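Asks: pasting the structure only:
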């Protein structure tokens, strides 16, 4: 059986474009003979705990990641897939995702700003985002120098941890992009990796998936002029199917296996960890919080009631 692992996959927790539920997902992954699988929902980690537990119960290695929208100023946003390698990467990723919500929202959509990545990428593996990534956009615009410049930037942000993402899902410009991306990879020595941007488990789920997308986008299914961003090929392909699809670029399949081996996040669930507050010398934790509660109450009462007013 070919060594292949899905590294770009959305679940129902992506909210905008997936029908996949966690338990059926891990059962399908096990049935297909894959030892690991990643969940990379749009801009969130909502599925993390449920996926982590379900995957482990089925003997599947859970790979935790996020499909981020990368802010590009006045240009259309690009995409960047980030995968946790370890605890350090998990902490960095949770900070980046949180910051996209607290500081990066535009029209209720969270965006990641490039400058936030500086000093915050340790323990994270990045996939370029395919046609919709910064590099893909530059290649399709026939700007190879810009693509190489952007690649160099990502190489410095993710040393030995950046991969050029390739997809063959029957959507526009994919083959054009792949030819240019492989040429760039050969020129620069950056590895390529194959993904399928999975949004549903079976091919026949595509129509139901389109209904969900239309509901989110407030479009009518029968409208021929609505955007068609997905294809029926974005299902959970088996390793054999993916190996056949990329038979001309076998290293793109093998690298999914190598990336899965590099991702080894271990989480402790079901146990509470309280923050370690600095306590003034000479006070116990109980005395300190009792005093803080009293001070806070007095401040609140002073705000609510004017004590200078005579009865």
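Replies: Thanks, I have it. What you are looking at is a predicted structure, and each value in this text was computed from that prediction instead of being measured. Residues are numbered from 1 along each chain as shown.
Asks: going forward, measure contacts and count neighbours with C-alpha atoms only.
Replies: Will do.
Asks: Which other helices and strands does the host helix or strand of residue 139 contact?
Replies: If you go by DSSP states H and E, residue 139 is part of helix 134-140. With contacts defined as 3 or more CA pairs under 8 Å, 6 or more residues apart in numbering; DSSP states H and E, helix 134-140 has these neighbours: strand 75-84, helix 144-157, helix 174-188.
Asks: Show me where the chain has its helices.
Replies: Per DSSP state H, the chain carries helices over the ranges 22-31, 48-57, 87-102, 134-140, 144-157, 174-188, 206-217, 239-245, 250-262, 285-304.
Asks: Which residues are in contact with the residue lying closest to residue 99 once chain neighbours are set aside?
Replies: Closest residue to residue 99 apart from its sequence neighbours, by CA to CA, 6 or more residues apart in numbering: residue 112 at 7.7 Å. Residue 112 makes contact with 68, 69, 70, 71, 96, 97, 99, 100, 104, according to CA atoms under 8 Å, 6 or more residues apart in numbering.
Asks: nearest to residue 295, of the helices and strands packed on helix 134-140?
Replies: In terms of CA to CA, the element of the helices and strands packed on helix 134-140 nearest to residue 295 is strand 75-84, at 41.9 Å.
Asks: Counting neighbours, which bits of that closest one end up buried?
Replies: Judged by neighbour count (16 or more other CA atoms under 10 Å), strand 75-84 contains these buried residues: 77, 78, 79, 80, 81, 82, 83, 84.
Asks: which one of these is nearest residue 143?
Replies: residue 78 (15.6 Å).
Asks: ok, that closest one touching residue 133?
Replies: Yes. With contact defined as CA atoms under 8 Å, residue 78 and residue 133 form a contacting pair (4.8 Å).
Asks: so where's this structure shaky on pLDDT?
Replies: Applying pLDDT under 70 to the chain picks out residues 307-311.
Asks: how many neighbours does residue 113 have?
Replies: Residues near residue 113, counting by other CA atoms under 10 Å, number 18.
Asks: Now do the contacts for the spatially most central residue of the chain.
Replies: Geometric centre of the chain, nearest residue: residue 66, 1.2 Å, by CA atoms, centre = their mean. Residue 66 sits next to 39, 40, 41, 42, 43, 44, 45, 81, 82, 83 when contact means CA under 8 Å, 6+ apart.
Asks: which one among these gets closest to residue 287?
Replies: Checking the contacts of residue 66 against residue 287 with CA to CA, the nearest one is residue 45 at 37.0 Å.
Asks: what's around the closest one, how many residues?
Replies: 20.
Asks: Make 52 the starting number, not 1.
Replies: Renumbered: residue one is now 52, and that last one reads residue 96.
Asks: List the contacts of it.
Replies: By CA under 8 Å, 6+ apart, the neighbours of residue 96 are 116, 117, 145.
Asks: what pairs with the spatially closest residue to the second one that is not a sequence neighbour across the strands?
Replies: In this case it means residue 117. Once flanking residues are discounted, residue 117 sits nearest to residue 91: 4.1 Å by CA to CA, 6+ apart. Beta-bridge pairing for residue 91 (DSSP bridges): residue 116.
Asks: which non-adjacent residue is nearest residue 86?
Replies: Of all residues beyond its chain neighbours, the one nearest residue 86 is residue 111 (5.3 Å), with distances taken as CA to CA, 6+ apart.
Asks: gap between that neighbour and residue 312?
Replies: From residue 111 across to residue 312, the span is 12 Å (CA to CA, to the nearest Å).
Asks: The two: which is more packed in?
Replies: Neighbour totals were compared for residue 111 and residue 312, and residue 111 leads with 20 against 13 (other CA under 10 Å).
Asks: The more buried one and residue 81 touch, don't they?
Replies: Yes. In this structure residue 111 lies within contact range of residue 81 using CA under 8 Å: 6.9 Å.
Asks: rewinding a little: contact partners for the residue nearest to residue 117?
Replies: Residue 91 touches 58, 59, 60, 61, 62, 115, 116, 117, 118, 132, 133, 134, counting by CA under 8 Å, 6+ apart.
Asks: Looking at those, which one is closest to residue 235?
Replies: Distance to residue 235 across the contacts of residue 91 (CA to CA) is lowest for residue 132, with 19.1 Å.
Asks: The spatially closest residue to the closest one that is not a sequence neighbour: neighbour count?
Replies: The shortest distance from residue 132 to any non-neighbouring residue, by CA to CA, 6+ apart, is to residue 118 (4.5 Å). Counted with other CA under 10 Å, the neighbours of residue 118 add up to 25.
Asks: Residue 231 too?
Replies: The tally of other residues near residue 231 (other CA under 10 Å) stands at 16.
Asks: check contacts around it.
Replies: Counting by CA under 8 Å, 6+ apart, residue 231 touches residue 190.
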